[in-house]
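Colleague: The following comprises the amino acid sequence and a computationally predicted model.
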Amino acid sequence: ERVNPEDTVKIRTLGFGSSGKVYKVQHKKTNKVYALKIIQDKHEPAVCKQILTEMDILRRARNPYVVQCYGASEKGGEISFLLEYMDGGSLADILKSNKVISERYLADIAMKVLKGLDYLHRNKIVHRDIKPSNILLGRNQEVKIADFGVSTVLASTLAPCNTFVGTCAYMSPERFDPDNQGGHYNGYAADIWSLGLSLLECAIGHYPFISPEEKPDWPTLMFAICYNPSPSPPENASPEFKDFINQCLRKDPFLRPRASTLLAHPFITQYEVVPSSRAHSQQSGGRFWGNFTKALTSIFS
Ligand code: ADP
Ligand code: MG
């Protein structure tokens, strides 16, 4: 299914990001709803062509845990992507309202993001921009990774380190290493770091490397990521969660587990449905998520 972004009309603004704006749009003929992401920076025609060609490859990535891209277009150096619309917002939206997420929800979110990452990594795609605002929620228990590909393709043309809200806050220590330029380090491990840091942020309610009051400049933050000990989960967290986060946040990328390995971690598997009571558990699982989405809806409405 391929849809042209130009055949849609805007309904409302969904959010502003480091690279552009995201709108909720509707297709004129089919009435289907999508998210339209517009990268506002003007790009050279050759760069646009390269981005669109690579997007065409990435458009074929299909996985229940990855936000689908339906089409891309370019007009005067401005690039638009038509994406699957996620009606629950992002983890960043939850964090903005100073909410923390309990371990039970985090385990479910972690499992789904790991399944998406495992799919991308198996297809030799490194996401490079895993962070709370790129983990999107749907009202039917969906959790999906957004902006994969968009970030890899645009990484060479956009400077990500300009602002604190930019990508670098979730970058792993080895990505700051000048000897690693060109990404020859284990890039998959960088995604695992970013996931661990994002989940820890959801558990404690603020960006883990600094206290909530601090507003450090970028070099201070980069120094902390590279040279301070990795942040730890709070004392009262479960041993499973502590171990899961500590493994994700190992400084040495070669010591961080792969997505497929983490899917078998007790923090994830402890909540797994036992087959004999599947029907019942699915029902209660639905109720559990129902409450969660209700809570989210009340935050955002
Ligand atoms: P960033 O990820 O840096 O915040 P984006 O431009 O990717 O910037 O997204 C901005 C906001 O738009 C996100 O925080 C999210 O709330 C919203 N958004 C992005 N993509 C979608 C989507 N596919 N469906 C629904 N909302 C989205
Ligand atoms: Mg994003």
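Modeller: Cool, got the structure. Since this is a predicted model, take the numbers as computed values, not measurements. Numbering: from 1, shown residues only. Ligands and ions are numbered 1, 2, ... in the order given.

Colleague: quick one: buried residues of the helix or strand containing residue 57?
Modeller: In this assignment (DSSP states H and E), residue 57 forms part of helix 45-58. Going by neighbour count (16 or more other Cβ atoms under 10 Å), the buried part of helix 45-58 is 47, 48, 51, 52, 54, 55, 58. Every C-beta, even on glycine, is put in place using the N, C-alpha and C of the backbone.

Colleague: gap between the fifth one and residue 76?
Modeller: From residue 54 over to residue 76 the distance is 20 Å, taken as Cβ to Cβ, to the nearest Å.

Colleague: How about the first one?
Modeller: Residue 47 is 13 Å from residue 76, where distance means Cβ to Cβ.

Colleague: likewise residue 108?
Modeller: 43 Å.

Colleague: So which of the two has more stuff around it?
Modeller: Between residue 108 and residue 76, counting by other Cβ atoms under 10 Å, residue 108 is the more crowded of the two (19 against 8).

Colleague: Run the chain-centre distance for stretch 125-142.
Modeller: 3 Å (Cα atoms, centre = their mean, to the nearest Å).

Colleague: So residue 190 sits against residue 173, correct?
Modeller: No. Between residue 190 and residue 173 there is no contact under Cβ atoms under 8 Å: 9.4 Å.

Colleague: So between these two, which is more surrounded?
Modeller: residue 190 (24 against 21).

Colleague: ok, the more buried one - contacts?
Modeller: Counting by Cβ atoms under 8 Å, 6 or more residues apart in numbering, residue 190 touches 126, 128, 171, 172, 174, 175, 253.

Colleague: Chain neighbours aside, what residue packs nearest to the first one?
Modeller: Nearest in space to residue 126, with sequence neighbours left out and distances taken as Cβ to Cβ, 6 or more residues apart in numbering, is residue 187 at 3.8 Å.

Colleague: from what I can see that neighbour touches residue 128, true?
Modeller: Yes. Checked against Cβ under 8 Å, the pair residue 187 and residue 128 is within contact range at 7.1 Å.

Colleague: ok, the closest residue to ligand 2 within the stretch 201-301 of the chain - contacts?
Modeller: Distance from ligand 2 to each residue of the stretch 201-301 of the chain (Cβ to the ion) is smallest for residue 201, at 15.4 Å. Listed by Cβ under 8 Å, 6+ apart, the contact set of residue 201 reads 95, 132, 207, 208.

Colleague: that older thread, give me the helices and strands touching the helix holding residue 57, please.
Modeller: Applying 3 or more Cβ pairs under 8 Å, 6 or more residues apart in numbering; DSSP states H and E, one finds that helix 45-58 makes contact with strand 69-75, strand 78-84, helix 150-154.

Colleague: Write out the residues of the stretch 51-200 of the chain neighbouring ligand 2.
Modeller: Applying Cβ under 5 Å from the ion, one finds that the stretch 51-200 of the chain approaches ligand 2 through 134, 147.

Colleague: ok and the residue in the stretch 51-200 of the chain nearest ligand 1?
Modeller: The nearest approach of the stretch 51-200 of the chain to ligand 1 comes at residue 133, 3.4 Å away (Cβ to the nearest ligand atom).
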